[in-house]
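In: Quick one: sequence and predicted model below, then my questions.
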Amino acid sequence: MSSIEAALFGTLGRDAELKTSKNGKPYLRLNIACGEGDATQWVAATVFDERAIAAADRLIKGARVYLEGKLSLNEWTASDGTPRTGLSVLSWHCRLSQIGRKKLLDQKQKQRDSESGGANDGAEFDDEIPPF
């Protein structure tokens, strides 16, 4: 079976998870919604891009991302015994989209503040976020 290279643009379904492989190499796990409405397809991504790993704290739920990698169709059996299939990408290139970054980070900061009792000393977070 030949490999299929793909380029995807989608929305993160949850915050990026920073993991470490058995040989000590860091990587990210992402869940990405590609498409809209009934045509939405969820893709699980494993990302080895060093720049994306360095910016993992900005890869938050709702952020738009672009990635490139090898596309695979996986089959497994769910805990209830039903057969399942899903797409995954082994990615070597992943970038955060410029669209909506500040708004998402502000929302995430507000959520963190409310979880920690709201103690941010009245500081405003409207700095521009540099591209990575």
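Out: Arrived safely.

In: Which residue comes closest to residue 25 once chain neighbours are left out?
Out: In space, and not counting its chain neighbours, residue 25 is closest to residue 48: 7.3 Å by Cβ to Cβ, 6 or more residues apart in numbering. Backbone N, C-alpha and C define where each C-beta goes, glycine included.

In: and that neighbour, how many neighbours?
Out: Neighbour count for residue 48, taken as other Cβ atoms under 10 Å: 17.

In: Ramachandran angles for it?
Out: For residue 48, the backbone dihedrals (degrees, to the nearest 10) come out as phi -110, psi 10.

In: contacting residues for it?
Out: Contacts of residue 48 were listed using Cβ atoms under 8 Å, 6 or more residues apart in numbering, and they are 25, 27, 90, 91, 92.

In: 7 Å instead, please
Out: 27, 91, 92 (Cβ atoms under 7 Å, 6 or more residues apart in numbering).
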